[in-house]
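Q: Provided below for reference: sequence and predicted model.
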Amino acid sequence: MQLKSQSITRSALILGAASFLSYLLGLFRDRLLASTFGAGAALDAYNTAFIIPDVIANLLFAGVSLSVLMPVLTDITARKKTAEAFRVANTVLNLTAIVLTVLSVIVFFLMPILIRLVAPGFAGEQRTLTVELSRLMLLSPLLFALSNAFGSILVSMKRFASYAFSPVFYNIGIVIGLLIFSEKFGIHAAVIGTITGAFLHLLFRFVELIRTPYRYSPILDLKHPALRKIGTLMVPRMINLMAVQANLWAWNAIASTLAVGSIAIFNLSRNLQSLPVSLFGIALATAVSPTLTDAASTNDWPKFVEHIRRTFSRILFFTLPAGVGMFLLRYEIADVLFSGGQFTNTNMRATAFTLGVFCLVTPLESVVHLLLRAFYAQLDTKIPLLISLAMTATNIFSALAFTRWIGVAGLPLGFAVANALQLALLLLMLHKRVQGFNIKSFIKTTRTSIIATLIMSAILSVYLWWFRSAFTAGTLMGIIQIGSGVLIGAFIYFLVSNALHDENTDIIRNWLKRLSGLTKRS
């Protein structure tokens, strides 16, 4: 168990490091977008241009995603039938490419009608621009669908590196497009960069894949029994992903009716808040996913429950202080990253306020990723589907209500309410369905993290109050304040957690020992 836990931690570190690097590039990308175009009509159009292509992609991503294709391939490979697993993978890959190409052509001609649905507040030139950008973006779903299939094959072989680092190249593509073409092509440069990044995303995984025993074959074995299993899993997962897309559509549609720039402000704050979710929540959940699948396939429920409990505790150990820390530093973060160029002070303050509300979601959203994978590991996509539909309805109605009260910041507030509901329902269903799964034991594992976070936030608040009163605001002082705040907050949190004997402090101690060993050897 200990060796398996260490392996999961190493895999999570790879995924987390890649997420962090990709996130840094994403911040640079967002700064370029904000300073070049500001929170205005052009950037709103660019963000809206993702909606329809993403809907198309998610119709097909359901079949090639980690939660559907990977468990099936893992199950076949576990029975020593690697060649058969590759045959199934190639069939899914080819079928996805054919269907997606046909669907993209149809949507190309329907785009003017569809844009009226996703952005009812757009009119005139802004609507025309959004249609044009969306049509160009139709190239990306095919590239991402193929890349996701490659990623599922790689993760089924427990190869995480290229799966993890491919998003880095996606952001590199966007940054290159903005730096080289923005002066000549305006907002179209961002689309050029997006398509380039999607191609690099695919290419990086492909290069890793050809170094494995897997070999591509242009086959369509539609009668293979595994295709029926994938189809059974895919339909609920596809509806589940469409529920996620419904959230994005609702956010975009509601924001398009608010002040100009609301879509841009929402997306910039969402991208900032996603760091701890990606770095800890998604990374740890993805790393433990193959282990949960193995345990479920052998009916080893004690092992299954223990890995969920440990990962649940670790996710909250990191995301609780991260969310609170980001909340306390929200104005400095928004100011340092986005102020300047076409991005006004009013835009900055609106982004900071929206980010602050989004921070409420961080720990909730992070553990939801884990609990969803607990169901997918059991080849159960129906319960996550039903819960996601309830979450989507709650999110949309809450967002409509809250935006009347606090504008664009009402969108993340509705999201927080919906995630709280989703988390409660997922825990309740696991408690009923999985032998040995006890909600109380999960709650107990979070006590020390909650106490340490409260103490950290109190001390950090006093420090930040002193800093703001002692020094004049500015970019340099903002950077110092963010850096010192992160270091002080992390140090206090670790000390308190260690004093409370939190089991997760072992991760940090082991990391520090390895770092110390590397320093001594160098």
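A: Happy to help now that I have it. Since the structure is predicted, the reported quantities are computational estimates derived from the model, not experimental observations. Numbers count the residues shown, from 1 in each chain.

Q: ok, so what distance separates S339 from T346?
A: In this view, S339 and T346 are 11 Å apart by Cβ to Cβ, to the nearest Å. In this view, the C-beta of every residue, glycine as well, is placed from N, C-alpha and C.

Q: How about G121?
A: 19 Å.

Q: between those two, which one's more packed in?
A: G121 (19 against 12; other Cβ atoms under 10 Å).

Q: What is the burial count for I176?
A: For I176, the neighbour count with other Cβ under 10 Å is 16.

Q: just I172 next, same as before
A: Neighbour count of I172, defined by other Cβ under 10 Å: 19.

Q: got a pLDDT number for it?
A: In this model, I172 is scored at 93, pLDDT.

Q: what helix or strand does the nearest residue in space to L337 that is not next to it in sequence sit in?
A: Closest residue to L337 apart from its sequence neighbours, by Cβ to Cβ, 6 or more residues apart in numbering: R31 at 5.6 Å. If you go by DSSP states H and E, R31 is part of helix 2-37.

Q: so how far is the next helix-or-strand element following that helix off the chain centroid?
A: Scanning forward in sequence from helix 2-37 by DSSP H and E, the next helix or strand is helix 41-48. Put simply, helix 41-48 sits 21 Å off its chain's centre (Cα atoms, centre = their mean, to the nearest Å).

Q: who's in contact with helix 41-48?
A: 33-34, 37, 115, 118-119, 122, 125-126, 129-130, 133-134, 186-187, 190-191, 252, 255-256, 260-264, 267 (Cβ atoms under 8 Å, 6 or more residues apart in numbering).

Q: Can you flag which of the residues you listed belong to helices?
A: Judged by DSSP state H, the subset of the contacts of helix 41-48 located in helices is 33-34, 37, 115, 118, 125-126, 129-130, 133-134, 190-191, 252, 255-256, 262-264, 267.

Q: how about the host helix or strand of A283: buried residues?
A: Using DSSP H and E, A283 sits within helix 283-297. For helix 283-297, burial by neighbour count (16 or more other Cβ atoms under 10 Å) applies to 283-297.

Q: hang on, L139 packs against I195?
A: Yes. The pair L139 / I195 is scored as a contact, 5.1 Å apart, by Cβ atoms under 8 Å.

Q: which neighbours do the two share?
A: By Cβ under 8 Å, 6+ apart, no residue touches both L139 and I195.

Q: before we move on, which element is the nearest residue to V107 once chain neighbours are set aside in?
A: In space, V107 comes closest to I56 once its chain neighbours are excluded; the distance is 6.0 Å by Cβ to Cβ, 6+ apart. Following DSSP H and E, one finds I56 within helix 51-64.

Q: Quick check: the gap between V361 and L95.
A: 36 Å.

Q: Then N504?
A: Per Cβ to Cβ, N504 is found 43 Å from L95.

Q: Please apply the same query to F50.
A: Distance, F50 to L95, by Cβ to Cβ: 25 Å.

Q: low pLDDT regions in the chain?
A: 1-16, 59-71, 73-75, 77-82, 156-158, 160, 237, 511-522 (pLDDT under 70).

Q: Any idea which residue is closest to the centre of it?
A: Centrality entry for the chain: nearest residue to the mean C-alpha point is S278, 5.2 Å, by Cα atoms, centre = their mean.

Q: Quick check, it in contact with S19.
A: Yes. Between S278 and S19 there is a contact under Cβ under 8 Å: 4.2 Å.

Q: my guess is V367 meets I315, correct?
A: Yes. Counting by Cβ under 8 Å, I315 is a contact partner of V367 at 5.3 Å.

Q: Which neighbours do these two have in common?
A: Common neighbours of V367 and I315, using Cβ under 8 Å, 6+ apart, are G281.

Q: quick one, which of these two is more surrounded?
A: Per other Cβ under 10 Å, whichever of V367 and I315 has more neighbours is I315, with 29 against 26.

Q: The helix or strand hosting the more buried one vs helix 283-297, what angle?
A: Assessed by DSSP H and E, I315 sits inside helix 301-328. Helix 301-328 runs at 170 degrees relative to helix 283-297, counting by axes from the mean of the first three to the mean of the last three Cα atoms, to 10 degrees.
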